[in-house]
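> Sequence plus the predicted model coming up.
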Amino acid sequence: TVTQATFPRGFLWGAAIAANQAEGAWNVDGKGPSVADAINWKPNLDLKDFTAHMAVTDENVADALNGTHDAFYPKRRGIDFYHHYPQDLALFAEMGIKVLRVSIAWSRIFPDGEESAPNEAGLAFYERLFGEMRRLNIEPLVTLSHYEMPLKLSERYNGWVHRNVVDAFVRFSNVCFDRYKDLVRYWLTFNEIDSIHRHPFTTAGIREEKCAPGQEKQDIYQALHHQFVASALVTRDCHAKIPGSQVGCMLTKLTTYPRTCHPDDVQASLKKNLENLFYADVQVFGNYPPLIKRDLELRGIELLVAADDLDILRQHTVDFVSFSYYMSMTESTQPDAERTAGNTVLGVKNPYLPASDWGWQIDPVGLKISLLELYDRYRKPLFIVENGLGCKDVVEDGKIHDSYRIDYFRSHFEQMREAVHEGVELMGYTSWGTIDIISAGTSQMTKRYGFIYVDQDDEGNGTLARLRKDSFWWYQKVIATNGSDL
Ligand code: BG6
């Protein structure tokens, strides 16, 4: 008999947002400025040039520290989830989601990063949020660091380059574990920990112009090492403080194909993939891969590794592997190969794949390939914690007919179902953007991912009204049938 592919019972269907892109209320109830609050909207730039969009200047930092020019900084207003969360959660519950991924804005808890006591108003906000989620039977999946470290730590230490930030983060995390131990069971430490190389400021508070000339890469790897150690330390503390808790790493899964079967192209794509997997390797296996160590040596990068660091990494590995997946990439050694953008990456265009308006190449089979590869390599449960299609939506008579988004999700869910059928242990799935939020890469409001539309434009005009898109009803049906009716 042939068994039909199905999702496991109790599969955690859900959706994801991040504090800095959704909450707004950036200076309310004692919150300090975060790195996200210093990134302005740059309307006239090429949408595929993520480096330019995510760049930060002294003026931007001064604006965030002084609270000036709010209008140009969309992440400061988000979609005002801070005040709308009861209605928003009610909509998410109506859709049937079982898990919601959110992050805690570190600078709500420690506005400057290193106060002697946490900010009670910030702690109380997340207590209300998680409490309401529990009341609605929505399991919280909480990221401790999602592109929103206190700006003051960035200023004081050039971010994670300095070891003191490890202590500050461990303290912040422990305050969260103590306060939310009865509410939150699933935790992620660093969102897309690999992204430190692509946007060091938003990921780790590092301004490359503040590094010693020629030391930029050295500093970024040092900061990454600090994040690895901090992640292991808080994994230890979470396990000690919250019995039954599970902690995951979080990788941007950038699956890369060779453009041709020429061995040079195959080697180039293999190297890209090994580099991408390195981050999860450290967090799952508890040590640096030998090829990466050698690569750093060849590049003259020497890490300062404290006496216990390697033991800490070895002892406190993660329970599950989570990742984002939006698109696949292609690599070629041919200099004239046509190029395109992806999620904060540039690569070679794949002639077999369509792409979004931002150049991201839509590849559902790539998701299955990623699942098979990650499960075979790590043999740990996997959790897809971001996936989705960013696009402009049109409202007609109060309706949003987003069949393109439904097609995107359907084709990805089919591949997930196949992967599960073939033996992959998949805990759950949280699509990116339950609701439209501000884009991380371009700070646009109109790059929309949600099942729920938010009436706001790139300049912040709009009523903030929430409207259900066609995909809302479709996802509701998918969840109700545990993915058997796609
Ligand atoms: C992921 C980030 O890389 O991509 C999210 O973790 C982000 O924060 C998402 O929003 C989509 O990227 P963008 O630039 O379209 O918002």
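Perfect, I can see it now.

> so what's the residue in the chain that the ligand sits nearest to up against?
Residue of the chain nearest the ligand, by CB to the nearest ligand atom: Gly441 (2.7 Å). Quick note: C-beta positions are derived from backbone N, CA and C, even for glycine. Shown in contact with Gly441 (CB atoms under 8 Å, 6 or more residues apart in numbering): Phe50, His53, Met54, Asn343, Thr344, Trp358, Lys447.

> Also near the ligand: which of these, exactly?
Asn343, Lys447 (CB under 6 Å from any ligand atom).

> ok so, going back, can you report phi and psi for the nearest residue to the residue of the chain closest to the ligand once chain neighbours are set aside?
Computed as CB to CB, 6 or more residues apart in numbering, the closest residue to Gly441 that is not its neighbour in sequence is Phe50, at 4.9 Å. Backbone torsions of Phe50, given as degrees, to the nearest 10, read phi -70, psi -30.

> which ones are touching Phe50?
Arg198, His199, Ala341, Thr344, Gly441, Thr442.

> next one: Leu141
Counted by CB under 8 Å, 6+ apart, Leu141 has contacts 14, 16, 99-102, 186-188, 383, 385, 428, 430.

> can we see that at 7 Å?
Val99, Leu100, Arg101, Tyr186, Leu188, Val385, Thr430 (CB atoms under 7 Å, 6 or more residues apart in numbering).

> where does the residue nearest to the first one when sequence neighbours are not counted fall, helix, sheet strand or coil?
By that I understand Val99. Among residues not flanking Val99 along the chain, Gly14 sits closest, at 3.4 Å (CB to CB, 6+ apart). Secondary structure, DSSP: H, G, I helix; E, B strand; the rest coil: Gly14 is strand.

> Would you confirm that Gly14 contacts Gly96?
No. If you go by CB atoms under 7 Å, Gly14 and Gly96 don't touch, sitting 9.6 Å apart.

> More neighbours: which of those two?
Shown here are Gly14 and Gly96; by other CB atoms under 10 Å, Gly14 has more neighbours (25 against 16).

> Against which helices or strands is the lengthiest helix in the chain packed?
As assigned by DSSP state H, the longest helix anywhere in the chain is helix 216-241. Counting contacts by 3 or more CB pairs under 7 Å, 6 or more residues apart in numbering; DSSP states H and E, helix 216-241 is packed against helix 164-180, strand 186-190, helix 200-204, strand 246-252, helix 263-285, helix 309-315.

> so which of these gets nearest Pro74?
helix 200-204 (13.7 Å; CB to CB).

> What is the closest one packed up against?
Secondary elements touching helix 200-204 (3+ CB pairs under 7 Å, 6+ apart): helix 216-241.

> Just want to check the distance between the residue nearest to Gly441 and Asn343.
According to CB to CB, to the nearest Å, Phe50 and Asn343 sit 8 Å apart.

> With Glu373 instead?
18 Å.

> These two: which is more packed in?
Neighbours per residue (other CB under 10 Å) separate Glu373 from Asn343, with Asn343 holding more: 22 against 15.

> ok now do the more buried one, which residues does it touch?
Thr252, Tyr326, Met327, Trp360.

> one more time with 8 Å
Counted by CB under 8 Å, 6+ apart, Asn343 has contacts Thr252, Leu254, Ser324, Tyr326, Met327, Trp360, Gly441.

> per-residue confidence at it?
Note for Asn343: predicted pLDDT of 89.

> sorry, back to before: spell out which residues are contacts of both of Gly14 and Gly96.
Joint contacts of Gly14 and Gly96 (CB under 8 Å, 6+ apart) do not exist.

> and Ser411, how many neighbours does it have?
Ser411 has 15 nearby residues by other CB under 10 Å.

> Leaving out sequence neighbours, find the closest residue to it.
The nearest residue in space to Ser411 (CB to CB, 6+ apart) is Pro364, at 4.0 Å.

> Next, give phi and psi for the one you found.
According to degrees, to the nearest 10, Pro364 has phi -60, psi -40.

> Please name the residues that touch it.
So Pro364 contacts Tyr408, Ser411, His412, Glu414, Gln415 (CB under 8 Å, 6+ apart).
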